[in-house]
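In: pasting the structure only:
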């Protein structure tokens, strides 16, 4: 009986440790692919962001766009922003859109 309880406990602990690595929140992908221009907070406060006059991701203008619109922009690119189709999976793009939603003021 003790062996079963120990094994069950070990499985639960292992599952809790692995969950953060299994379900990405988009923050890591945003940092890796987007933050160079958009900044870590999405404010567009980087040198590149200021030069290209990027909008703050927390602004009403950006937050007012639909998830589908943001997904299309990330996937296909827009103006000087490159397309990430083929560089990011659909799931990663969805997670980035969810992360952008967390930047709302």
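Out: Right, received. Where do you want to start? Remember, predicted model here, so these are calculated numbers, not experimental data. Numbering: from 1, shown residues only.

In: show me where pLDDT drops low in the protein?
Out: By pLDDT under 70, the weakly predicted segments of the chain are 1-24.

In: how about the helices of the chain, start to end?
Out: 2-22, 27-33, 35-38, 47-51, 60-63, 67-76, 90-102 (DSSP state H).

In: for the second one, packing partners?
Out: Other helices and strands packing on helix 27-33, by 3 or more CB pairs under 8 Å, 6 or more residues apart in numbering; DSSP states H and E, are helix 90-102. No exception for glycine: its C-beta is placed from N, CA and C like everyone else's.

In: next one: the spatially closest residue to residue 34 that is not a sequence neighbour relative to residue 62, how far apart?
Out: Excluding its sequence neighbours, the residue lying closest to residue 34 (CB to CB, 6 or more residues apart in numbering) is residue 96, at 6.9 Å. From residue 96 over to residue 62 the distance is 13 Å, taken as CB to CB, to the nearest Å.

In: so between the two, which is more surrounded?
Out: Comparing residue 96 with residue 62 by other CB atoms under 10 Å, the one with more neighbours is residue 96, at 24 against 21.
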